[in-house]
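In: what follows is a predicted protein model with its sequence.
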Amino acid sequence: MNVTVYLPGDAVALALGADAVAAALTTQAAQHGLAMHLVRTGSRGLFWLEPLLEVATPQGRVAYGPVAVDDLPGLFAARFWTGAAHPKCLGLTEAIPYLARQQRLTLRRIGVVAPHSLADYLAQGGGAGLAQARSMAPAEIVRRITDSGLRGRGGAAFPTGIKWQTVRDAPAGQKYIVCNADEGDSGTFADRLLMEGDPFCLLEGMAIAGLAVGATQGYLYVRSEYPHAITALQTARDAVGAWLGDFQIEVRKAAGSYVCGEETALLESLEGRRGVVRAKPPLPAIAGLFGQPTVVNNVITLACVPDILARGAAFYQALGFGRSRGTLPVQLAGNIRYGGLVEVPFGLTLRQLLYDYGGGSRSGRPLRAVQVGGPLGAYLPEAQFDTRLDYESFAAIGASLGHGGIVAFDDTVDMAVQARFAMAFCALESCGKCTPCRVGSQRGVELIDQIRGGDATSLDLLRTLCDTMIHTSLCAMGGMAPLPVLSIIHHFPEDFR
Amino acid sequence: MDTATLNTLFAKHRHQSGALLPILHDIQDAMGYVPEKVVPLVAQELNLSRAEVQGVIAYYHDFRQTPPGRHTVRVCRAGACQAVGGEALAAHAADRLKGSDLTLEPVYCLGLCATGPAIQIDATTLHAQVTPEKLDTLIQSLENDR
């Protein structure tokens, strides 16, 4: 009989041995005389279950995980290809509670489609947004994005429609669409999951942006730490044929600079220079790449676009909380039992995510702090776990939601060490253009060392330094690096004694 | 890298705007590093000063100007891996690789943040949930591979 089996080729699955499982599967299927079609997909984002093996059955896909090479003889003996019972059987994939309780929208195809197959993408509903956009006037496309309430998912949460309108209104012979795929924040991997698992969705979003603003050239700037994402994107880009019309996309590999995730530094890097931040104004929407009007959007922002075009602004607007509309791909990371991707409408509390989805710490010890929004995000104590995940609720407590990454720490963490790391990382990655960031971060490291050495008087100076960096740095790097430090001084002062 | 190879490489990038990073990546992929002697040639190709090319090589963590060890081991030092023992793993790796002909480097996030601590070996090999014992085994197999 013919059976179709799915196994992720995503970076997490590979890091947990998926290639060895794939090789053994193929060998053993042949030994059993089984005509097996093995499809390497992206990851569903349930990482504690990786490598997650799925098999197509008349009832839907049935999952087994986590699967090691040693499990395979038993799985074959149980005739897993029929969806049969086995200690590693998780039932229907879509019914796994962690997944069933989510509202997978933007990332609904990850783990489902074969990432290299345009035909698969189109068969799973892809392409409808681009088809719709082609039947609309550019101004209507922009209006639909504005009406949807979509805000930039990279961290700044700027209304996407307004950015597009600015580029559309700017007169120029050449405009550009730049996708910021420099997902450098620790604790975030939603961009990576999408690029590896559903790359055509991102390409479609970029092409729609091109139609909306009048750009025919797109750049995808991807961090070099994501080699598998780069390959997936290049493979997809080479497979589009005439699907994207005259819209051209070049995949560019970054070179290991964190600050190149800042949009103006990214543009400098794309132009072939050091990734040094530009002063704003002018905004990239007016004078961006090579001095031309440029849309710079995050991966997830662009990946949201096809659905908004296909299903309408009202559909997207109806999801979410307050001024944060739509869904947010939350990433549970660090010391967490069930880490992975949780795509839900804005508005859940941190506590729901950490315990109802995350299952508490991986170590089994109490959670003491979580850092939300990458290395420049605030650390929140247990007392703030009832904060809702939306941009305004986080801003109200002096924190930032950023790209939706949540890094959990248990009670063994030394928060003074984490404060030092915030400043040390800023010192390491500062582009050096402005003094508060370049010098301030280094002074910050030294002050924290003095405080940890017993000099309590340096604490006031550290606060003043943080204040200076926040208000006088050129970009968010120096402007936000003090946030984790201040949050630690405020919520975990005992660690500084 | 001889002049003919370099010229072929340059020709491949002539259609690109701002091609310095792609060119440097290609040189490093071929040679393992960016030798000092190619700097003036790259500068000439792109109509840049040598200082501009040198400045870019020095700015980005990825580019190296001396040959690396036989293999490169990168241990993630970012926040999510710190939360699950990444710093202890990094310290263990530094001890273990003292005097080794393998290169140890930090990396700030491989996107494996829920399955840390994570490491990368050479360009594309990833390992998650790496304990010191697992790291020793991996390093041993790299050392045996001669």
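Out: Here it is on my side, so go on.
In: which ones are touching the residue of the stretch 101-250 of chain A found nearest chain B?
Out: When scored by Cβ to the nearest Cβ, the stretch 101-250 of chain A has residue A:186 as its residue closest to chain B, at 3.4 Å. In short, each C-beta sits where N, CA and C put it, glycine included. Residues near residue A:186 by Cβ atoms under 8 Å, 6 or more residues apart in numbering or on different chains: A:333, A:374-375, A:405, A:407, B:78-81, B:108-109, B:113.
In: separation between it and residue A:344?
Out: 21 Å (Cβ to Cβ, to the nearest Å).
In: related to what we said a few turns ago, of the contacts of residue A:186, which belong to strands?
Out: A:333, A:405, A:407 (DSSP state E).
In: pLDDT value on residue 58, please?
Out: Since no chain was named, I'll use chain A. Each residue has a pLDDT score; the one for residue A:58 is 96.
In: that's the wrong chain, I meant chain B
Out: At residue B:58, pLDDT is 98.
In: which element is it on?
Out: Counting by DSSP states H and E, the element that carries residue B:58 is helix B:50-59.
In: need the contact partners of that helix.
Out: The contact list for helix B:50-59 (Cβ under 8 Å, 6+ apart) reads A:257, A:272-275, B:20-21, B:24, B:34, B:39-40, B:42-43, B:46, B:63, B:65.
In: buried residues in that helix, which are they?
Out: Buried residues in helix B:50-59, defined by neighbour count with 16 or more other Cβ atoms under 10 Å in any protein chain shown: B:52-54, B:56-57, B:59.
In: closest to chain A out of those residues?
Out: residue B:59 (4.1 Å).
In: assign residue B:24 to helix, strand or coil.
Out: Of the three states, residue B:24 takes helix under DSSP: H, G, I helix; E, B strand; the rest coil.
In: any idea how far it lies from residue A:251?
Out: Distance of residue B:24 to residue A:251, computed by Cβ to Cβ: 16 Å.
In: can you name the residue of chain A nearest to chain B?
Out: residue A:339 (2.5 Å).
In: hmm, that residue is touching residue B:129, no?
Out: No. Counting by Cβ atoms under 8 Å, residue B:129 is not a contact partner of residue A:339; they are 10.8 Å apart.
In: more neighbours: which of those two?
Out: Legend: neighbour count by other Cβ atoms under 10 Å in any protein chain shown for residue A:339 and residue B:129, higher for residue A:339 (32 against 18).
In: got a list of what the more buried one touches?
Out: Shown in contact with residue A:339 (Cβ under 8 Å, 6+ apart): A:47-48, A:332-333, A:358, A:362, B:113-115.
In: rerun that using 6 Å as the cut-off
Out: Counting by Cβ atoms under 6 Å, 6 or more residues apart in numbering or on different chains, residue A:339 makes contact with A:47, A:332-333, B:114.
In: can I get those in CSV including distance to residue B:85?
Out: Supplementary listing: the contacts of residue A:339 in CSV, determined by distance: Cβ to Cβ, whole Å:
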residue, distance to residue B:85
A:47, 17
A:332, 18
A:333, 14
B:114, 14
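In: going along the chain, name the helices of chain B.
Out: B:3-12, B:20-31, B:39-46, B:50-59, B:79-82, B:86-96, B:132-144 (DSSP state H).
In: quick one, which of the ones you listed is nearest to residue A:42?
Out: Ranking the helices of chain B by proximity to residue A:42 (Cβ to Cβ) places helix B:79-82 first, at 19.9 Å.
In: got the domain ranges for chain B?
Out: Annotated domains of chain B cover B:3-59, B:72-144 [automatic domain parsing].
In: of those, which stretch is the most buried?
Out: Among these, domain B:72-144 has the highest mean neighbour count (mean count of other Cβ atoms under 10 Å in any protein chain shown), at a mean of 20.
In: what residues does stretch A:252-260 touch?
Out: Contact partners of stretch A:252-260, identified using Cβ under 6 Å, 6+ apart, comprise A:182, A:184, A:219, A:221, A:223-224, A:230, A:265-266, A:269, A:275, A:429, A:431, A:477, B:21, B:25, B:60-62.
In: repeat for stretch A:445-465
Out: So stretch A:445-465 is in contact with A:416, A:419-420, A:423-424, A:440, A:443-444, A:496, going by Cβ under 6 Å, 6+ apart.
In: which of these fall within helices?
Out: Under the assignment DSSP H, the contacts of stretch A:445-465 contribute A:416, A:419-420, A:423-424, A:440, A:443-444 to helices.
In: which among those count as buried?
Out: A:416, A:419-420, A:423-424, A:440, A:443-444.
In: please enumerate the strands of the stretch 251-400 of chain A.
Out: A:294-298, A:320-321, A:324-325, A:327-334, A:340-345, A:367-372, A:379-381 (DSSP state E, counting those that start in this stretch).
In: before we move on, what about the stretch 1-150 of chain A?
Out: Using DSSP E, counting those that start in this stretch, strands in the stretch 1-150 of chain A cover A:2-8, A:35-41, A:53-57, A:60-64, A:89-92.
In: got TSV for those strands, with mean neighbour count and distance to residue A:285 too?
Out: Listed next are those as TSV, based on neighbours: other Cβ atoms under 10 Å in any protein chain shown; distance: least, Cβ to Cβ, whole Å:
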stretch	mean neighbour count	distance to residue A:285
strand A:2-8	20	37
strand A:35-41	16	36
strand A:53-57	22	43
strand A:60-64	22	43
strand A:89-92	16	46
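In: hmm, back to that, also near chain B: which of the contacts of stretch A:445-465, exactly?
Out: When Cβ under 6 Å from any Cβ of the partner chain is applied, no member of the contacts of stretch A:445-465 is adjacent to chain B.
In: what's the closest of those to residue A:141?
Out: Residue A:141 lies nearest to residue A:440 out of the contacts of stretch A:445-465, by Cβ to Cβ, at 42.6 Å.
In: what residues does chain B have near chain A?
Out: Residues of chain B found near chain A (Cβ under 6 Å from any Cβ) are B:18, B:20-21, B:25, B:55-56, B:59-62, B:78-80, B:83-84, B:109-115, B:123-124, B:126-128.
In: what strand or helix carries the residue of the stretch 101-250 of chain A closest to chain B?
Out: Here residue A:186 is assigned to no helix or strand, by DSSP H and E.
In: which parts of chain A belong to which domain?
Out: Residue ranges for each domain of chain A read A:2-100, A:118-317, A:320-410, A:415-496, as given by automatic domain parsing.
In: nearest the geometric middle of chain B, what residue?
Out: Residue closest to the average C-alpha location in chain B (Cα atoms, centre = their mean): residue B:62, at 5.1 Å.
In: mind pulling up the pLDDT for that residue?
Out: We have a pLDDT of 98 for residue B:62.
In: for residue B:145, same thing?
Out: Listed pLDDT for residue B:145 reads 82.
In: next, count neighbours for it.
Out: Neighbours of residue B:145 under the rule other Cβ under 10 Å: 8.
In: how near is it to residue B:138?
Out: Residue B:145 is 11 Å from residue B:138, by Cβ to Cβ.
In: swap in residue B:12?
Out: Taken as Cβ to Cβ, the span from residue B:12 to residue B:138 is 35 Å.
In: perfect, I'm done here.
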